[in-house]
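Colleague: Need a 3D model of the following:
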Amino acid sequence: MTTVPVGIVGLGTYFPKQIEKAAALVEATGIPETILREKMGIRQRHIAGPGDTISAMASQAAMKALAQAQIPPKAVDLVISHGSEHKDHIVWNAAAKIQHNIGAVNAYAFEVYALCAGAPIALKAAQGMMQADESLQYVLLAAASRENDLINLKNVRTRFMFNFGAGAGALLLKRGETKNQVLGTAAITDGSLSETVIINRSPDAIGDGPEMVGEIHGRLDVIDPTTMAERLGEVSLANFVRVITEAVEKSSASLADVQFLGITHMKRSFYLQILEAIGLTPEQSVYLEDYGHIQSVDQTLAIELGLAQSKIRPGDLIVLAGAGVGYTWSAAAIRWG
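Modeller: Got it, this is the predicted structure:
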């Protein structure tokens, strides 16, 4: 049986106008600017304004993806939102609002939520659905995040999340398209870390800010930092290598064939360690130090920057990878061009 190809025919991003430089974070965090910039990889990040809701930002990115592909919104058959749970409303389907905003009147819409591992998993879900259902000719993946709203910069337990920024990304997929073809995907979850990061209402988690952020009461917090650090130290690198390798092997290729890695923003030393572990150099990737970590938007942004910097060329095998608290690691291999 011949597998129906699924390819990316359009992509778009959106970032709020307000930019916060590393220097502006020094007083709030108590961390020297050199550490913020060089070790944590935060030169600047975008900060959402009042109108930059999750659905509004994702809709802006989605319209750019459609425009790049020259496809009208009414041609979209399905909208999948794989962005933040910190959205316009709680217990709410943001995908439906995105579908309405962009005028995809013939589509249905739902959400896939895997936190910062969401992009490769959304690609896998869409690819499988499109291959199984010939009526799904165009599927739009859209994500947005402003998780930085949920961080108390005085809470040292959440230091690894100080890089959170705001923005959105979207990918338009087409059934039967061999260009920019989605190939193998892989994911793995370590459920022992499922409750390490949660919304907490304790005074030190909330800090000096308001108790409510939109409809959310509390802030993100790490409940047991020591256990989390020890467990991640044991498994994170191995799990990144595992899902990247599996995605590539499912694409009938090897790590030696990979020419580019688009990966979640993280501290610089671990980013370099992952590149080395899979046999790549920084010239074969982009480090998102001018954007920070925007949850599952990072992978679309990495493609956009990789193309702009001529690090992705026609025929390249590229890999998108991410990891999200919970704790899930994911990867997707794409033959670009």
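
Colleague: got the contact list for the longest helix along the chain?
Modeller: Across the chain, the longest stretch assigned as helix under DSSP state H is helix 225-249. With Cβ atoms under 8 Å, 6 or more residues apart in numbering as the test, helix 225-249 has contacts from 120, 157, 183-188, 190, 192-193, 196-197, 222, 254-255, 257-258, 261, 263, 270, 273-274, 277-278, 317, 319, 321, 323, 327, 329-333. All C-beta atoms are positioned from the backbone trio N, CA, C, and that covers glycine.

Colleague: again, 7 Å this time
Modeller: The contact list for helix 225-249, computed with Cβ atoms under 7 Å, 6 or more residues apart in numbering, reads 157, 184-188, 190, 192-193, 196, 222, 254-255, 258, 273-274, 277-278, 319, 321, 323, 329-333.

Colleague: And stretch 256-265, by the same measure?
Modeller: By Cβ under 7 Å, 6+ apart, stretch 256-265 touches 41, 116, 163, 248, 271, 274-275, 278-280, 284-286, 288, 292-293, 298-299, 302-303, 306, 311-312, 316-323.

Colleague: Give the buried residues for that stretch.
Modeller: Buried residues in stretch 256-265, counting neighbours by 16 or more other Cβ atoms under 10 Å, are found at 258-265.

Colleague: With stretch 203-221 instead?
Modeller: Neighbour counts over stretch 203-221 (16+ other Cβ under 10 Å) mark 205-206, 213, 216, 218-221 as buried.

Colleague: Quick check: end-to-end length of that stretch?
Modeller: With Cα to Cα, to the nearest Å as the measure, stretch 203-221 spans 11 Å from end to end.

Colleague: Tell me how far that stretch lies from the chain's centre.
Modeller: Centroid separation for stretch 203-221 versus its chain: 23 Å, with Cα atoms, centre = their mean, to the nearest Å.

Colleague: Of the contacts of helix 225-249, keep whichever come out buried.
Modeller: 157, 184-188, 190, 193, 196, 222, 255, 258, 274, 278, 319, 321, 323, 329-333.

Colleague: Same question for stretch 27-41: list its buried residues.
Modeller: 29, 31, 36-38, 40-41.

Colleague: Just give the nearest non-adjacent residue to the most centrally placed residue in the chain, would you?
Modeller: In the chain, the centroid-proximal residue (Cα atoms, centre = their mean) is residue 296; its distance is 1.4 Å. Closest residue to residue 296 apart from its sequence neighbours, by Cβ to Cβ, 6 or more residues apart in numbering: residue 118 at 3.5 Å.

Colleague: mind listing what the one you found touches?
Modeller: 82, 112, 143, 296, 324.

Colleague: If you rank these by neighbours, which is first?
Modeller: residue 143 (33 neighbours; other Cβ atoms under 10 Å).

Colleague: per-residue pLDDT, that residue?
Modeller: What the model reports for residue 143 is a pLDDT of 98.

Colleague: my guess is residue 200 meets residue 224, correct?
Modeller: No - using Cβ atoms under 7 Å, residue 200 is not in contact with residue 224; the gap is 11.8 Å.

Colleague: With neighbour numbers in mind, choose between those two.
Modeller: It is residue 200, of residue 200 and residue 224, that has more neighbours when counted by other Cβ under 10 Å, with 19 against 13.

Colleague: Let me know the secondary structure of the spatially closest residue to the more buried one that is not a sequence neighbour.
Modeller: What sits nearest to residue 200 in space, not counting adjacent residues and going by Cβ to Cβ, 6+ apart, is residue 221, at 3.6 Å. Secondary structure, DSSP: H, G, I helix; E, B strand; the rest coil: residue 221 is strand.

Colleague: And stretch 38-52, end to end?
Modeller: Taking Cα to Cα, stretch 38-52 runs 29 Å from one end to the other.

Colleague: circling back: buried sites along the longest helix of the chain?
Modeller: For helix 225-249, by 16+ other Cβ under 10 Å, it's 228, 231-232, 235-237, 239-248.

Colleague: Now the two most distant members of those.
Modeller: 228 and 248 (28.5 Å; Cβ to Cβ).

Colleague: circling back: can you say which helix or strand has the residue nearest to residue 296 in it?
Modeller: Counting by DSSP states H and E, the element that carries residue 118 is helix 118-132.

Colleague: next structured bit after that helix?
Modeller: The helix or strand immediately downstream of helix 118-132 is strand 138-145, counting by DSSP H and E.

Colleague: partner strands of that next one, parallel or antiparallel?
Modeller: Strand 138-145 has the following strand partners under DSSP bridges: strand 78-81 (parallel), strand 167-175 (antiparallel).

Colleague: Minimum distance to residue 63: which of those has it?
Modeller: Among the strands paired with strand 138-145, the nearest to residue 63 by Cβ to Cβ is strand 167-175 (8.2 Å).

Colleague: how far off helix 118-132 does that closest one point, in degrees?
Modeller: Between strand 167-175 and helix 118-132, the angle comes out at 20 degrees (axes from the mean of the first three to the mean of the last three Cα atoms, to 10 degrees).
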